[in-house]
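Novice: below are the sequence and a predicted model; questions follow.
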Amino acid sequence: MNDSICYVKITKSENEAVEDNSLRVFIKMKRSQDNGILVFGDCADDVDEFYMIWNQNRINEVISNLKKTGVEIQYEDVTNDVLSGNYNRKFIETFSDRKNFSQLLIFMKHNLSIDNLLDKVRERGVDSLTGLEKKYLSTNTNEKS
């Protein structure tokens, strides 16, 4: 099953019980047998921003559980944007460190499709492809005669 990437922004609650319940959601997620990946971006005193890389059903479950806690939450599935190479500044900054970048490469390795890459070439030209994307295309489109 392919994974998805979801951007999540949670605003700190003044209610300590809400904070405790949302922390329990994260702990439950990390203890899951099919662990998702959390990649944290900006984490300030009152706002946490992160990306979840996991299968869509599990992401939906985590989002639903977070909503039930009462925290203020914003989220967006950014999978198609990532696979088509449309990254915003926040995404680039978050995934620029070595560990986070390696998580992104693993995601892309398992989720890139030739259709995504051909759409990207059609829209932005062949020079828009990254090295990983070019390698993926060359290894998956070579026909043996």
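Specialist: Received it, and whenever you're ready, just let me know what you need.

Novice: poorly predicted segments of the chain, please.
Specialist: For the chain, applying pLDDT under 70 flags the ranges 1, 33, 35, 42, 142-145.

Novice: strands of that one, start to end?
Specialist: Listed in chain order, the strands found in the chain under DSSP state E are 4-11, 37-43, 47-54, 72-77.

Novice: any chance of those strands in JSON lines, with mean neighbour count too?
Specialist: In this view, the C-beta of every residue, glycine as well, is placed from N, C-alpha and C. Listed next are the strands of the chain as JSON lines, based on neighbours: other Cβ atoms under 10 Å:
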{"stretch": "strand 4-11", "mean neighbour count": "20"}
{"stretch": "strand 37-43", "mean neighbour count": "15"}
{"stretch": "strand 47-54", "mean neighbour count": "19"}
{"stretch": "strand 72-77", "mean neighbour count": "14"}
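
Novice: nearest to D115, of those?
Specialist: Each of those was scored for nearness to D115 using Cβ to Cβ, and the closest is strand 4-11 (16.6 Å).

Novice: packing partners of that closest one?
Specialist: Packed against strand 4-11, as judged by 3 or more Cβ pairs under 8 Å, 6 or more residues apart in numbering; DSSP states H and E, are the following elements: strand 47-54, helix 56-69, strand 72-77, helix 79-83.

Novice: can you list the strands of the chain in TSV and add distance to V126?
Specialist: What follows is the strands of the chain, written out as TSV (distance: least, Cβ to Cβ, whole Å):
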stretch	distance to V126
strand 4-11	25
strand 37-43	29
strand 47-54	28
strand 72-77	27
